[in-house]
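Colleague: take this sequence and fold it.
(6 chains, ligands or ions: 3)
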Amino acid sequence: MRCNSAKVMAVGTLFLLGATPAFAETAVSRVDTGDTAWVLLSAALVMLMTPGLAIFYGGMVRRKNILGTMLQSFIALGVVSIQWALIGYSLSFGPDLHGIIGDLSWAGLRGVGLEPNADYAPTIPHQAFMAFQMMFAVITPAVISGAFAERFKFGAYLLFVIFWTTLVYDPLCHWVWAKGGWLHGMGVLDFAGGIVVEINSGMSALAAAWFIGSRRGYPHEPMLPHNLPLTLLGGGLLWFGWFGFNAGSAVASGGLATAAFVATHLATAAAVMGWLLVEWKHRGKPTLLGAVSGAVAGLVAITPACGFVGPVAAITIGLVAGAVCYGAVVAKFRMGYDDTLDAFGVHGIGGMIGMVGTGLFAAVAINAAGADGFFNGGAALLGKQVLGIAVGAAWAFGGTYVILKVLDKAVGIRVTREEETQGLDLAQHGENAYTM
Amino acid sequence: MRCNSAKVMAVGTLFLLGATPAFAETAVSRVDTGDTAWVLLSAALVMLMTPGLAIFYGGMVRRKNILGTMLQSFIALGVVSIQWALIGYSLSFGPDLHGIIGDLSWAGLRGVGLEPNADYAPTIPHQAFMAFQMMFAVITPAVISGAFAERFKFGAYLLFVIFWTTLVYDPLCHWVWAKGGWLHGMGVLDFAGGIVVEINSGMSALAAAWFIGSRRGYPHEPMLPHNLPLTLLGGGLLWFGWFGFNAGSAVASGGLATAAFVATHLATAAAVMGWLLVEWKHRGKPTLLGAVSGAVAGLVAITPACGFVGPVAAITIGLVAGAVCYGAVVAKFRMGYDDTLDAFGVHGIGGMIGMVGTGLFAAVAINAAGADGFFNGGAALLGKQVLGIAVGAAWAFGGTYVILKVLDKAVGIRVTREEETQGLDLAQHGENAYTM
Amino acid sequence: MRCNSAKVMAVGTLFLLGATPAFAETAVSRVDTGDTAWVLLSAALVMLMTPGLAIFYGGMVRRKNILGTMLQSFIALGVVSIQWALIGYSLSFGPDLHGIIGDLSWAGLRGVGLEPNADYAPTIPHQAFMAFQMMFAVITPAVISGAFAERFKFGAYLLFVIFWTTLVYDPLCHWVWAKGGWLHGMGVLDFAGGIVVEINSGMSALAAAWFIGSRRGYPHEPMLPHNLPLTLLGGGLLWFGWFGFNAGSAVASGGLATAAFVATHLATAAAVMGWLLVEWKHRGKPTLLGAVSGAVAGLVAITPACGFVGPVAAITIGLVAGAVCYGAVVAKFRMGYDDTLDAFGVHGIGGMIGMVGTGLFAAVAINAAGADGFFNGGAALLGKQVLGIAVGAAWAFGGTYVILKVLDKAVGIRVTREEETQGLDLAQHGENAYTM
Amino acid sequence: MKKIEAIIKPFKLTEVKDRLIEIGVQGMTVTEVKGFGRQKGHTELYRGTEYNIDFLPKIKLEIVVIEEQVEKVIEAISGIAHTGQIGDGKIFVSSIDETIRVRTKERGKDAV
Amino acid sequence: MKKIEAIIKPFKLTEVKDRLIEIGVQGMTVTEVKGFGRQKGHTELYRGTEYNIDFLPKIKLEIVVIEEQVEKVIEAISGIAHTGQIGDGKIFVSSIDETIRVRTKERGKDAV
Amino acid sequence: MKKIEAIIKPFKLTEVKDRLIEIGVQGMTVTEVKGFGRQKGHTELYRGTEYNIDFLPKIKLEIVVIEEQVEKVIEAISGIAHTGQIGDGKIFVSSIDETIRVRTKERGKDAV
Ligand SMILES: Nc1ncnc2c1ncn2[C@@H]1O[C@H](COP(=O)(O)OP(=O)(O)O)[C@@H](O)[C@H]1O
Ligand SMILES: Nc1ncnc2c1ncn2[C@@H]1O[C@H](COP(=O)(O)OP(=O)(O)O)[C@@H](O)[C@H]1O
Ligand SMILES: Nc1ncnc2c1ncn2[C@@H]1O[C@H](COP(=O)(O)OP(=O)(O)O)[C@@H](O)[C@H]1O
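Modeller: Ligands and ions are numbered 1, 2, ... in the order given. You can find the predicted model right below:
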């Protein structure tokens, strides 16, 4: 499917002319410039999503908490990247131990070099694959921070990110994506992170919102987004970066990346319309925040599916995600937990919709490495997808709960009443966002 | 010019060794990883232009209308993308009917797969070309919305976008770019959308501004941009994304894309200086909004020309565009129509300058698929370009006028006096942009 | 290392079959689609850094000066791009005169075409290399403007940029990067601009801050950043764009670009943590502005090193850069010059750290075209790096001082007292950033 | 001397100001305020939830004038700011003991 | 008629407003102000340097009422805005000579 | 007790505040306002068109003091805010009937 074919031919020619098979094999795993450009730029796009998320989230909190909220996203770029280089990549993708976890032989990126690793991406440098995956590990805890925005202590947050990434993210990532991971081995399909990123962050968000409790004054006091143009900007950057996230997950340029790209865009467009129209019907007015939220819901939902489904299925998944996530967000108020920025309602629910959608619409015709879903005669896949949801959800919820419990005993996770009233920006960071 | 050459050689070798011609032919249309990476990333860049435009426009309206204005851009990502997948791509690029329109055989993207389509882009998946073109269809109506910002009903706008895209954009796109399109067949040159996007949106903007009438209080009440840093940001994102728009229109990586990239950047730089210096001379002060507006004028003007002209010609076109668009924008006040954000003055006029510039400076030496312009001995081309302008301008103006007339009768296109006074954000969307 | 290998093989095959050597040679220098996509997109990323810098800087000044500050960055896109096409590229990279400067044979881009130039980048069109380098020339003077923000006359600034680019940047760029440049010939290593961009701008900033004098009221009057969310956004765009800046400097896709990409990201992450932790320890609170400033310090420091050092060295360089640049910025107040936005403290100091880090950690194992640093047994390199720092620093400081002296005599570089009090936005540009 | 404080709808400001200048007012001070009165607030929607906003944006005009001008100013403002709907605003009049012009240190009526 | 100006902590606004409505106040005007008083300001940190911010965000409430209501309003505000810490705020009472309702041109007590 | 309202140029605020503290003022309230006076506004340029902006940014200081301090405060402000150019500002003095400190419920002079 990729340019490789050309090389295979060239090599084939050499072969006919008497080149040794050994040489031919080396040649096959040579780095392809187009694939490498594609994956590196995709990694850059996914990196941009974390500042994008900071801006998206920052616009939605109250003025007094914008910097604290943005920093909780931004700092993940610092702390998780280092964790990933030191141990995270090795735990996630390193040589498998019983399907459960990677061993530490790649710790500090030992042995992770510039030659391709045939198991993960045969046409790009191994480090390019590592860097691409690093950006996923960075943004996932940042997504969770939306759930407990406006009340989490910054120091405790840093500890939370380190523990969570190591104890929750890395194992789940191994199960789903690593060579030898047990869910991977069972045939659960997750193209770009429906379980690993979305359900994982969404369910962790739910556990965290529930554990930390509501913001003071919630829900009777209005807590309005303070700067919606920022939120639109953040949403735009997320959409842009998500092309790298989803289509980049083909880890090569070509047909599969194209299919994922198209599915991503169409599902997102459909989810914008889905959310907007349901909200319009329900509340009488279509809103900007609704349109942008719908976009994010669509991006989330198509994430596991994008490399396995066609354009029409993508539109269907998007429409459903937009409408259902709207419902989930509205229902929050009746459920009594305070998920500040709807990390569960959008990422948790959206991720589940996408996993089920994959089970329904996946087609071997789109991706030979996938499987046929329910509507293509593969009922078994649907069961596997549901298993994947259940495992991911339980793991994330339980792991997050335990980590927060321990951290709360050890250092306390919530700011004081006075700090919360004053706002995180001044109380935790001594800064004021705007001096107009 | 592209990596194909390597493959052609490889295939040639096989041929010498006795491979069948059929196989060789298949090989020639194989997907190239570099070209595909280039076009997919270009599509992502063009996608980013629509949020970029939302931000660019949003900064220029009054505070009470920013969300409404931004949403009119953003929602195009939702509604036009779906229209494109369902019928738009097929109408625009599907099998030709008498040079006028594509038939519906590609509706719902039937048959638009991951193999290249030799007519449009022989080295990338057909869907990649489709996705790239989709982003053009999205942004074009969003540009128009600048003309009637601060007074158009949101519901009516959605209907307008659907009708306009289907009845005005898709046919014009077919004429200029599709295999079999009549203007294309005549040799009118439009590399990246001088007619299809710029003149089309600019003349539609003029029709719309004129039809809907001025904002209340215009022009005696000052209506100042409320957030110029946002406008600079939006302008920066547009410039960035426009590299995808223009250089991506080579639909392959390599020399032609490079030529378009360089022409785009230099023309834009020159237009920044052109606008700034003329304004400085004329008004005594150089402004930020002037510099950013100049950039957009330059990007617009080089759009049709960028794949046909050299660097010096690009600088010339940019300088002229910056200076003349400044004049056009200033003249607006004497013309009596209220094109809120100068969609006509910048896109309409800029697009015409670029089409004429192509007719003057195009060179077969730059692009063998083009033609020689006036200064390279090809006076005929200039005539064709003027024809292209005339057809595009008349079609866009007339089509938009008719659609608005019908919509106004059917549902009314303008908000009430009270809504206009209160602002679109609250009146149409129940939201407030800033809660400081 | 690059896809070329595949082509070389194909060509080799042809050769065996009797193709002429001449033909084979031509084939070797053919444009590679993956490499070209990579470099063009890198150029686009670097272009985005200039608006990114405008936003980063704009958020840190006082409200009354944001537009003036932003325009000083943005206008560099206009004026330097044109200078580069007319003479700058030829002076910098044109045929060498005695190791000192390029001659003018490439002025107006004469002879800079779409065929590769084997000296600089054998697999991409020459114009692609030129465009990539153009973006570096654009952003460098924009960085300097941070030092004298809030008090420099706009007209004088334009003149400054033209003279500085021509007289300071172009020669230094030639010395370090051009074929035949004397520092280049001596083996000074600067992968992506530690001398050419960072030390150059940072030392020029110091000279300028010192020459123009402090802002009125500095340091006793608080001059607070007026919009920190903008600064975070700008920092995020800079990080994103810097992947193009650093990894793009491999001027080809593949292993070297990947190594530079990974080093860039890890150093930046480490610098975020370095700055944040030191500040937290020192002042009791971790700040958003600290985290973002740390990121920029890390990006600066890894710039010369990124194509020569491995991941662990990159983390080390980043940690040091974050901590030391924090110290440099704090020390400023005791030094008595008013470098408004710390262009010297971050870019000057950061660049030096990176140059020394290259001398310590460079490894031929990473880049065969480099050299071994001190810790890999190459003490000589360290000496060369220090020489590079000294030459760059002295040249930039001296050149800037002379240019400012002359300009100040000729036209005056500082706004009047009244204009400074009123703010640059109204006084110099007749605009007001926010009309809320 | 009297101080006239008028709370008006924001979009009336330009018109009111022009009229005041016409009748000879030489200075005034404007503040953006939020008003609570009989005019009902509006609801805002965020992700499907309604919030009730009961403070509405208003403009407060403060004008210090000599006694003789008071009635003229009241009439001017209440004439133009009037739309007949609730929320039109209020005017409050109070006494000022002394006025000083900083530039000249003049006091009393001359300083107004 | 009297004007009551109260400077309170911002987070008390909703509660104070609700209480005032309860006791029959029909109108009020709110301004975001900055206050300097005995309450010490805070420091802000930028790139390692400390800045002292001595003006703190406060809310100014202006309520015009008839004489009889003055004490009730004072009690309501000072009851709720009270936390016992410095920075709780101040209330100032002054006289209003005349009130005009723009909508109806009513004057005096009826207009309050 | 008297209320002193001063409209001054924004960049004078820090200096005025420092001086007022020196002479013993213990509290004040600051509002960002827009002023219209003899000082001419400026023009702003947008895409080549000039707009005339006649309201200029000003700072309003409100200080309630006991009678004895009034003259000292007026002198302090008018001394420092003075630049000799139009737009320097105005000071208005009016009477306050009562002052209440919310924290302690003290009233009268002690509460100022
Ligand atoms: N008693 C009052 N004290 C202070 N401000 C008031 C008072 N009554 C009204 N206002 C101000 O006047 C504005 C208009 O009052 P509103 O009651 O809506 O008008 P109307 O009395 O014409 O219905 C309010 O938003 C508020 O700012
Ligand atoms: N004399 C005064 N004049 C004007 N405003 C005052 C005065 N005293 C206090 N204020 C306002 O009241 C607010 C609270 O005052 P503060 O002195 O902190 O309270 P307390 O007296 O209870 O300690 C101040 O921030 C300021 O806005
Ligand atoms: N009569 C007035 N009523 C209310 N505010 C006034 C009045 N006169 C002046 N001001 C305020 O004082 C500011 C300075 O007034 P200005 O006329 O420019 O000063 P000067 O009289 O010294 O020339 C004005 O911008 C306005 O805010």
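
Colleague: next up, the contacts around the residue of the stretch 251-400 of chain A found nearest chain F.
Modeller: In the stretch 251-400 of chain A, the residue that lies nearest chain F is residue A:288 (24.5 Å; CB to the nearest CB). In short, each C-beta sits where N, CA and C put it, glycine included. Counting by CB atoms under 8 Å, 6 or more residues apart in numbering or on different chains, residue A:288 touches A:228, A:232, B:67-68, B:70-71, B:74, B:429, B:431.

Colleague: how about those residues, which pair is most distant?
Modeller: Pairwise distances across these peak at 13.1 Å for B:74 and B:431 (criterion: CB to CB).

Colleague: so these two - more neighbours on which side?
Modeller: Neighbours per residue (other CB atoms under 10 Å in any protein chain shown) separate residue B:74 from residue B:431, with residue B:74 holding more: 27 against 24.

Colleague: does chain A have contacts with the helix or strand containing the more buried one?
Modeller: Secondary structure from DSSP states H and E places residue B:74 in helix B:66-83. Yes - Helix B:66-83 is in contact with chain A by CB under 8 Å from any CB of the partner chain, via B:66-68, B:70-71, B:74-75, B:77-79, B:81-82.

Colleague: beyond that helix, next helix or strand please.
Modeller: Helices and strands here follow DSSP H and E; after helix B:66-83, the next one along the chain is helix B:89-93.

Colleague: what's the average pLDDT for that following helix?
Modeller: Looking at helix B:89-93 alone, the average pLDDT works out to 98.

Colleague: any chance you could map the helices in the stretch 301-436 of chain A?
Modeller: Under the criterion DSSP state H, counting those that start in this stretch, helices of the stretch 301-436 of chain A are mapped to A:311-335, A:343, A:349-361, A:379-410, A:417-422, A:424-429.

Colleague: in stretch A:333-344, what's buried?
Modeller: A:337-344 (16 or more other CB atoms under 10 Å in any protein chain shown).

Colleague: measure that stretch end to end?
Modeller: 13 Å (CA to CA, to the nearest Å).

Colleague: related to what we said a few turns ago, the helix holding residue B:74 - contacts with which helices or strands?
Modeller: Applying 3 or more CB pairs under 8 Å, 6 or more residues apart in numbering or on different chains; DSSP states H and E, one finds that helix B:66-83 contacts helix A:228-247, helix A:255-283, helix A:288-302, helix B:33-60, helix B:126-144, helix B:154-164, helix B:424-429.

Colleague: format the ones you listed as a markdown table; extra columns: mean pLDDT.
Modeller: Formatted as a markdown table, these follow (pLDDT from 0 to 100):
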| stretch | mean pLDDT |
| --- | --- |
| helix A:228-247 | 98 |
| helix A:255-283 | 97 |
| helix A:288-302 | 97 |
| helix B:33-60 | 98 |
| helix B:126-144 | 98 |
| helix B:154-164 | 98 |
| helix B:424-429 | 92 |
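
Colleague: out of these, the one nearest residue E:79 is which?
Modeller: With CB to CB as the yardstick, what comes closest out of the helices and strands packed on helix B:66-83 is helix B:424-429 (34.3 Å).

Colleague: does chain D have contacts with the closest one?
Modeller: Yes - applying CB under 8 Å from any CB, one finds that helix B:424-429 is in contact with chain D at B:426, B:429.

Colleague: wait, does that helix contact chain C?
Modeller: No - Helix B:424-429 lies out of reach of chain C by CB under 8 Å from any CB, never closer than 13.1 Å.

Colleague: so what touches that helix?
Modeller: Contacting residues not belonging to helix B:424-429 are listed as A:285-288, B:64-69, B:71, B:150-151, B:153-154, B:415, B:418-420, B:431-433, D:42, D:44-45 [CB under 8 Å, 6+ apart].

Colleague: how about 6 Å then?
Modeller: A:285, A:287, B:64-65, B:67-68, B:154, B:419, B:431, B:433 (CB atoms under 6 Å, 6 or more residues apart in numbering or on different chains).

Colleague: dump the buried residues of stretch A:333-344 to CSV, plus distance to chain F.
Modeller: Shown next, in CSV, are those (distance: CB to the nearest CB, whole Å):
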residue, distance to chain F
A:337, 36
A:338, 31
A:339, 36
A:340, 30
A:341, 31
A:342, 35
A:343, 37
A:344, 40
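
Colleague: now intersect those with the strands, please.
Modeller: Taking DSSP state E, every one of the buried residues of stretch A:333-344 sits outside strands.

Colleague: flag every buried residue along the longest helix along chain D.
Modeller: Looking across chain D with DSSP state H, the single longest helix is helix D:70-81. Using 16+ other CB under 10 Å as the test for burial, helix D:70-81 gives D:70, D:73-74, D:76-78, D:80-81.

Colleague: likewise stretch D:51-59?
Modeller: By neighbour count with 16+ other CB under 10 Å, stretch D:51-59 contains the buried residues D:51, D:53-56, D:58-59.

Colleague: who are the contact partners of residue 56?
Modeller: You didn't say which chain, so I picked chain A. Contacts for residue A:56 (CB under 6 Å, 6+ apart) come out as A:231, A:234-235.

Colleague: actually it's chain D I care about, not the one you picked
Modeller: Applying CB under 6 Å, 6+ apart to residue D:56 gives the contacts D:35, D:41.
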